[in-house]
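# model this:
(2 chains)
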Amino acid sequence: METARPVGEGGMRHRRLLPLLAVLTSLCARPAWGQAVGQAFPQQDVEPIQQALGRVTCPGDPPGNLGSLSCEYTKTMRLQKFFGGSVTDQAVLSASFFGTVAQLRKSPPEWERDWEGLGRRVGTRYGQSFAKGLTVLGVGLIMRDDPRLVDYASDPLIDRKQRQRNPMMGRERRGRTWTRVGHAIVDWATVRKSTPAGDGGRRPNWPLFAGAVASGVTGNLWYPDRLTTRTETSKRIGGSLGTALFASFYNEFQPELGRVLGRMFRRGATSTSPATPASQP
Amino acid sequence: MMRLIIVLASVVVLTACHVSNRLYNPASGLGDTPALESVVALTPNSSQPDVVDATCTPVDKACLAFLEFDDMGESWDRRQLPEAIAMIERATSLPRPPVVVVFIHGWKNNADRDERHRNGNVVGFEGILEYLRQSVYPQSPVIGIYIGWRGDLIPPYWPARRQLSYFNRENAAIRVPGPSLTTALVTVATTAHQRNPGSYVLMIGHSFGALVLERALSQAMADYALRAATDTSTTSTTRDGGWADLVTYINSAAAANEGKQMLDLLKNRTVFLTRDDTGRDYPHPLFLSVSSLGDAATRFALPVGHGPSFLVHKSTGSFRSYGAADAPQPPVTAQSAYFTSTVAHMQALQSHTVAEGAACAEGSTPLSPAVSFTLPNAKTYQLCEKSGRWNDTPYWAMQIPTSIVRDHSSIFTEDFVKLLRVFLPATEVVADPQRRPRLLAAVTPARAQAGSSITLRGSRFGTTPGSIAVAGQQAKVTEWNDWSVVFVLPSGLVLGQTRITLTTSDTRQTIFPLESLTVEP
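Numbers count the residues shown, from 1 in each chain, chains lettered A, B, ... in the order given. A predicted model of the protein is given here:
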């Protein structure tokens, strides 16, 4: 049984939340905007041999990369991301997983714990994901952005003056933890422009924001009225943005996570100790 | 509406398309698209990095030929191999001996060089070839052979199914290395060496490509090892390098079971082929298995991926324990342990370490003479030998720091080539046939007691007898000719691995690697 949509208090919170989000986003993105909007910078780690071979090191590529001819985020890549993330198997699996979890939690309680309820839960999530992906695709195409995340160490727009003095600095650059936390937020709140050299400036991440809004609003088509208030819609938008922020942090701190995993698994694959060496009698 | 969405989603999942099983680069003049044929000339820094050129001769450019194999391991186009061989023959007829690089790609890759969806490994391998031509061997012809197989089964539009294709593609990687591929690899290597003995043949396999390469070479290597140890003919190609000079498995996704059999073969058959005149005394050919510490795919995902098969094998009693019959005793007695790791990641099979800085890590010692290298990141690395290692064969296995190879896929880099350079001959040696290192084919037997007769087989020892020293002690030479030397192992030597020094009558010295001979009580 669906309840009437409450208005008033939730709407007030929503009105407070949005400006706060906008201010935070502006603050996070400001350093990047200050450097980047509408400008192109020297590509990171351009080494003479790479230039001679017509190769480029794209943001996120290993140093001295010989395997990239262009850093452009092509239409094919965009379509692959849309279909892979919002249409095909991954989208279905993701919707099924989170829909099943919601079914077990009986969320929302208005939907019964039966096949129809499961269908609603899974279908709603799939629909939200589809709307989000389609919006990101459309806005991204218009903006010609490059949504691939980069960490602090490989961001071509960081410390450009220092890099101009020392072209090799990007190879080993590691920022302090708080600097990298800031970078993760900037990389979430802004997006790079797609260019063949991978040196496009940063601009607000409108595709992400628009996608989150599309996802949140599309849910209103199916959710019970109780969950279609602006407050609840904002929560869903916030959740979507939060997931993207988590992905940016994961990307930034992936090396550290890898090291932790390495230590955990060291006992397994690599610790089998040798018996008496055969070369000894 | 909701039911419709669910039905559509289910249909979408169940009807996932696949990357077509097809030939990408047919032999010249036979394909539908003239721009996509099997022999190309590399043209760096242009809009078209590779241009079809059936008669490509590597004079001022690198040439590349494609050899493709279908999902059952058969050659897709039998005319590709003759075209590749013709390219090698053109290269070997040039004044300088060529450098021939063979590459086998791994999972999620293929031989597609259509500019609309060019495969990243094709671009990367072309980059490596160009780098070798311009920066490493500028005076030598550089040619490449790209071995294509159906590594990419599910397109990126289906990311989940694509990941699950791991099992299917692993089976393909086990299936592909059949007689067709082995024949192609051996033909490429022997043609290069027979046409110009100074040719240098480097083979690289990445990820599942390393599994393909290892399987394809194992059979041929077993035959070669036996022939090299016993062949006394004066015209044998085994002495003149009938095989690849360096075989590199980078971030190999082959279970250690594959490598262990090769290690056993090399350990028991005791074939050691070494070079000299280069200032270094690496075994030859050298099998090199290197894996990055940052390679999560083979360090963590492979044991997980092998989990289901592991359980099946375990429950059906397919794994056994090694015992007294398995001499020399392997380092780990449970066969199952080899199934869930790779040679380079398995500590017990590692032979060397790469240390960052000037000093070796605890438990390892510098090579003699020391081998160090510096990358563009200004870091210096030292190649060290593990103390008391079980793996004392010419199959070197080691993990490398992430600052050299960052992860599983980042292998087409300047840093990786600089690592390879440690094992490649010097530029001037490759460029000058007169400085070609003499090849010592085998030390037989490789485990012997004092008073035993030891035979060294190889080439260019000279017809006038020289001298042999073992651990500094002069040995009595009983037979000496250009391709074979027989001597008596002196008494009073320290037990264990020892070093043989061969000095020809023109005072050129060859120091055999420690692995060559083990003195037994």
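
# Going by C-alpha atoms from here, please, whenever you check contacts or count neighbours.
Noted.

# which residues in chain A form strands?
Secondary structure of chain A (DSSP state E): strands located at A:145-146, A:190-193, A:202-204.

# Please name the residues that touch the closest residue to residue A:189 other than its chain neighbours.
In space, residue A:189 comes closest to residue A:205 once its chain neighbours are excluded; the distance is 5.5 Å by C-alpha to C-alpha, 6 or more residues apart in numbering or on different chains. Contact partners of residue A:205, counting by C-alpha atoms under 8 Å, 6 or more residues apart in numbering or on different chains, are A:188, A:189, A:190, A:191.

# isn't the third one right up against residue A:202?
Yes. The pair residue A:190 and residue A:202 qualifies as a contact (C-alpha atoms under 8 Å) at a distance of 6.0 Å.

# Can you pick out the residue with more neighbours from these two?
Looking at residue A:190 and residue A:202 with other C-alpha atoms under 10 Å in any protein chain shown, you find the greater number of neighbours at residue A:202, namely 29 against 25.

# residues making contact with the longest helix along chain B?
Scanning chain B for the longest helix, with DSSP state H as the assignment, gives helix B:208-230. Outside of helix B:208-230, the residues within contact range by C-alpha under 8 Å, 6+ apart are B:104-107, B:170, B:173-174, B:176-179, B:181-182, B:185-186, B:204-205, B:238-239, B:249-254, B:258-259, B:262, B:265-266, B:269, B:271, B:441-444, B:457.

# residues from the stretch 51-200 of chain B in reach of chain A?
Among all residues of the stretch 51-200 of chain B, those adjacent to chain A (criterion: C-alpha under 8 Å from any C-alpha of the partner chain) are B:120-121, B:123-125, B:127-128, B:130-131, B:135, B:156-161.

# Tell me what the residue nearest to residue B:149 when sequence neighbours are not counted is bridged to.
Beyond its immediate neighbours in the sequence, the residue positioned closest to residue B:149 (C-alpha to C-alpha, 6+ apart) is residue B:69, lying 5.1 Å away. Partner residues in beta bridges with residue B:69: residue B:75, with DSSP bridges as the criterion.

# how long is stretch B:59-66 end to end?
Start and end residues of stretch B:59-66 are separated by 19 Å (C-alpha to C-alpha, to the nearest Å).

# quick one on the thing from earlier: pick out whichever of the residues of the stretch 51-200 of chain B next to chain A sits closest to residue A:117.
Residue A:117 lies nearest to residue B:160 out of these, by C-alpha to C-alpha, at 25.3 Å.

# Kindly export the host helix or strand of the closest one (C-alpha atoms) in PDB.
Element membership for residue B:160 (DSSP states H and E) is helix B:159-175. These are the backbone C-alpha positions of helix B:159-175, laid out as PDB (Å, rounded to 0.1, in the frame of the first residue of the first chain):
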ATOM      1  CA  PRO B 159      32.000  -6.600 -19.200                       C
ATOM      2  CA  ALA B 160      30.800  -9.300 -16.900                       C
ATOM      3  CA  ARG B 161      30.700 -12.000 -19.500                       C
ATOM      4  CA  ARG B 162      34.000 -10.800 -20.700                       C
ATOM      5  CA  GLN B 163      35.500 -11.400 -17.300                       C
ATOM      6  CA  LEU B 164      34.000 -14.800 -17.100                       C
ATOM      7  CA  SER B 165      35.500 -15.700 -20.500                       C
ATOM      8  CA  TYR B 166      38.700 -16.300 -18.500                       C
ATOM      9  CA  PHE B 167      38.100 -20.000 -18.200                       C
ATOM     10  CA  ASN B 168      37.100 -20.400 -21.900                       C
ATOM     11  CA  ARG B 169      40.200 -18.500 -23.100                       C
ATOM     12  CA  GLU B 170      42.500 -20.400 -20.700                       C
ATOM     13  CA  ASN B 171      41.300 -23.600 -22.400                       C
ATOM     14  CA  ALA B 172      41.900 -22.000 -25.800                       C
ATOM     15  CA  ALA B 173      45.400 -21.000 -24.700                       C
ATOM     16  CA  ILE B 174      46.000 -24.700 -23.800                       C
ATOM     17  CA  ARG B 175      44.500 -25.800 -27.100                       C
END
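
# gap between that helix and the chain center?
Centroid separation for helix B:159-175 versus its chain: 23 Å, with C-alpha atoms, centre = their mean, to the nearest Å.

# List the contacts of the residue nearest to residue B:149.
Under the criterion of C-alpha under 8 Å, 6+ apart, the neighbours of residue B:69 are B:75, B:76, B:147, B:148, B:149, B:150, B:176, B:181.

# Pull the most distant pair out of these.
Taking C-alpha to C-alpha as the measure, these reach their widest spread between B:150 and B:181, a distance of 13.5 Å.

# The two: who's more crowded?
Legend: neighbour count by other C-alpha under 10 Å for residue B:150 and residue B:181, higher for residue B:150 (27 against 23).

# what about the helices in chain A?
Listed in chain order, the helices of chain A (DSSP H) span residues A:9-36, A:48-52, A:75-86, A:89-105, A:115-143, A:160-165, A:177-189, A:206-219, A:230-252, A:254-269.

# Relative to residue B:410, which of these is closest?
Taking those one by one with C-alpha to C-alpha, helix A:254-269 is closest: 14.5 Å.

# average pLDDT across that closest one?
With pLDDT averaged residue by residue, helix A:254-269 scores 70.

# any low-confidence regions in the chain?
In the absence of a named chain, chain A is used. Low-confidence segments of chain A, defined by pLDDT under 70, are located at A:1-47, A:159-174, A:265-281.

# That was the other one, I meant chain B.
Residues of chain B meeting the criterion pLDDT under 70: B:1-3, B:5-6, B:8-16, B:30-31, B:225-242, B:268-284, B:428-442, B:458-460, B:508-515.
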